[in-house]
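Chemist: Just to be clear, the model below is a prediction. Sequence and coordinates:
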Amino acid sequence: MKYNEISHFSHPQHILKFEHTEIPFKCDGCREVGIGSHYRCSFCDFDLHTHCAIPSLSIYHPFYTKCSFQFFSRPPGDIPRYCNACEKDITGFVYHCKSCGFDLHPCCAKLPMVLDDGEVKLYLYRKVRAPCHRCGRKGRSWSYRSGCKKYNLHVACVREMLVENWHELYFGHDKGSTSRKLETRIPSLKNTLQTPHKRSKGKVKKCCEMAGLALQFVISAVLGDPTALIAGVIGSLMSRA
């Protein structure tokens with residue numbers, strides 16, 4: 001077996017190969033959308049986030065210092081479960097703490113505590129009192145907040161935005177036109193920011209550009225590949241009004 005190939009218990013019939021794509025896919029492990037680096041079986045159209053393909057059997061998270069999260073291939077128990085990071089339902093792979101009952105999607109469990117490209121630095125918080133640029137509300141789910149404290153984005157809001165705009169993409173059948181669909185489905189920055197600006201036009205433009213970069217990085221992290229940034233897809237398409 002080559003270094004970029006793995007066998008996986010969820011798809012034993014074929015080897016999965018490491019690939020990189022700028023076209024979103026639906027992970028067959030956690031059932032959530034992904035982009036960038038992943039493992040794939042091209043024969044069966046089967047995809048796994050890297051976090052789902054090579055999971056840790058147990059993890060600890062700085063937000064839950066008393067918890068020990070164990071990896072499960074399906075949600076434990078008979079009651080519906082949701083992710084404590086993004087508030088979305090859990091229907092596939094999950095990290096679950098038996099003692100506290102907390103649950104995390106694999107990609108949410110592995111969200112970087114800091115996103116930094118040298119220009120924009122974002123910090124992950126369990127709760128932020130400042131309003132989210134997307135929904136205008138405080139609190140709610142985990143959030144990424146800029147070091148300057150001007151930009152704040154709920155992880156839940158980013159998830160909702162992706163589902164709202166890409167639902168047809170992951171459940172559509174015309175894969176040949178995926179790139180064209182992306183151009184029309186990526187949310188524009190105008191529809192993303194709810195916080196009013198009371199600045200000069202030049203400062204407003206710079207503020208929106210910085211907020212757009214922040215959103216780009218959070219989207220990439222939520223999709224499971226924060227290192228890819230998918231700048232050519234997310235960044236440029238978001239800026240098109």
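Modeler: Done, it's in. Keep in mind the model is a prediction, meaning the values are calculated, not measured. Numbers count the residues shown, from 1 in each chain.

Chemist: quick one, strands of the protein?
Modeler: 5-6, 16-26, 33-41, 46-49, 58-61, 64-72, 94-96, 103-104, 114-116, 121-125, 143-146, 152-154 (DSSP state E).

Chemist: what packs against the fifth one?
Modeler: If you count contacts as 3 or more CB pairs under 8 Å, 6 or more residues apart in numbering; DSSP states H and E, strand 58-61 packs onto strand 64-72. The way it works is simple: take the backbone N, C-alpha and C, and place the C-beta from them, glycine included.

Chemist: For C135, which of the strands of the chain is the nearest?
Modeler: Closest approach to C135 among the strands of the chain (CB to CB): strand 152-154, 6.6 Å.

Chemist: Would you mind checking the average pLDDT for the closest one?
Modeler: Confidence for strand 152-154, expressed as mean pLDDT, is 87.

Chemist: Stretch 77-88 now?
Modeler: Averaged across stretch 77-88, pLDDT comes to 92.

Chemist: Per-residue pLDDT of D116, please?
Modeler: The model reports D116 with a pLDDT of 76.

Chemist: Run through the bridge partners of it.
Modeler: Bridge pairing for D116 (DSSP bridges) gives the partners K121.

Chemist: about what we covered before: out of the strands of the chain, nearest to L215?
Modeler: The closest of the strands of the chain to L215 is strand 152-154. By CB to CB, the value is 6.3 Å.

Chemist: So what pairs up with the spatially closest residue to D225 that is not a sequence neighbour in the strands?
Modeler: Spatial nearest neighbour of D225, chain neighbours left out: G36 (2.9 Å); criterion: CB to CB, 6 or more residues apart in numbering. Following DSSP bridges, G36 is listed with bridge partners T21.

Chemist: burial count for G36?
Modeler: Counted by other CB atoms under 10 Å, the residues lying close to G36 total 23.

Chemist: In this structure it contacts I219, no?
Modeler: No: using CB atoms under 8 Å as the test, G36 is too far from I219 to be in contact (10.8 Å).

Chemist: Using CSV, list the CA coordinates for stretch 79-94.
Modeler: Presented in CSV, the C-alpha positions along stretch 79-94 are these (Å, rounded to 0.1, in the frame of the first residue of the first chain):
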residue,chain,number,x,y,z
ILE,A,79,-32.0,10.0,21.3
PRO,A,80,-31.1,12.6,18.7
ARG,A,81,-27.7,14.2,19.3
TYR,A,82,-26.3,17.5,18.2
CYS,A,83,-22.8,19.0,18.1
ASN,A,84,-21.9,21.3,21.0
ALA,A,85,-19.6,23.3,18.7
CYS,A,86,-21.9,24.1,15.7
GLU,A,87,-25.3,23.0,17.0
LYS,A,88,-26.0,20.8,13.9
ASP,A,89,-27.4,17.3,14.2
ILE,A,90,-25.0,14.4,14.4
THR,A,91,-25.8,11.6,12.0
GLY,A,92,-22.4,9.9,11.5
PHE,A,93,-19.0,9.8,13.0
VAL,A,94,-18.8,11.6,16.4
